[in-house]
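Asker: From the sequence below, what's the structure:
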Amino acid sequence: MTIAEQLIKEGMEKGIEKGILEGKKKAAKNFLKLGLTVKQVAEAAELSIEEVEQLKKEIKN
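Answerer: Presented below is the predicted three-dimensional model:
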């Protein structure tokens with residue numbers, strides 16, 4: 001595999017990871033809007049409690 005191919009592969013992997021994280025955050029925000037607790041949202045969206053608390057603050061603003 002050439003260096004260029006390796007860089008493209010790494011870029012694609014990072015992009016996919018970012019997309020998955022954004023999807024989890026969007027789902028978490030929706031769960032919070034439905035009234036689930038921070039702990040429930042963290043478990044359902046596979047995020048940390050700290051991340052969910054930050055998202056909850058973003059929703060309020």
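Asker: average pLDDT for the one helix or strand residue 30 maps to?
Answerer: Element membership of residue 30 [criterion: DSSP states H and E] is helix 3-33. For helix 3-33, mean pLDDT rounds to 95.
Asker: Now do it: which elements does it pack against?
Answerer: Counting contacts by 3 or more Cβ pairs under 8 Å, 6 or more residues apart in numbering; DSSP states H and E, helix 3-33 is packed against helix 38-45, helix 49-60. Where you see a C-beta, it was placed from the backbone N, CA and C, and this is true even at glycine.
Asker: In space, not sequence, find me the middle residue of the protein.
Answerer: For the chain, residue 21 is the residue whose C-alpha lies nearest the centre (Cα atoms, centre = their mean; 2.7 Å).
Asker: That residue and residue 39, how far apart?
Answerer: Residue 21 sits 19 Å away from residue 39, going by Cβ to Cβ, to the nearest Å.
Asker: same question, residue 58
Answerer: In this structure, residue 58 and residue 39 are 18 Å apart, going by Cβ to Cβ.
Asker: measure the residue nearest to the centre of the chain to residue 55 for me?
Answerer: From residue 21 to residue 55 the distance is 12 Å (Cβ to Cβ).
Asker: Residue 14 too?
Answerer: Residue 14 is 22 Å from residue 55, by Cβ to Cβ.
Asker: neighbour-wise, which of those two wins?
Answerer: residue 55 (22 against 10; other Cβ atoms under 10 Å).
Asker: Look up how far residue 4 lies from the more buried one.
Answerer: Counting by Cβ to Cβ, the gap from residue 55 to residue 4 is 37 Å.
Asker: do the same with residue 60
Answerer: 45 Å.
Asker: for residue 13, same thing?
Answerer: Applying Cβ to Cβ, the value for residue 13 to residue 4 is 15 Å.
Asker: Ok, residue 24 next?
Answerer: Separation of residue 24 from residue 4 (Cβ to Cβ) stands at 31 Å.
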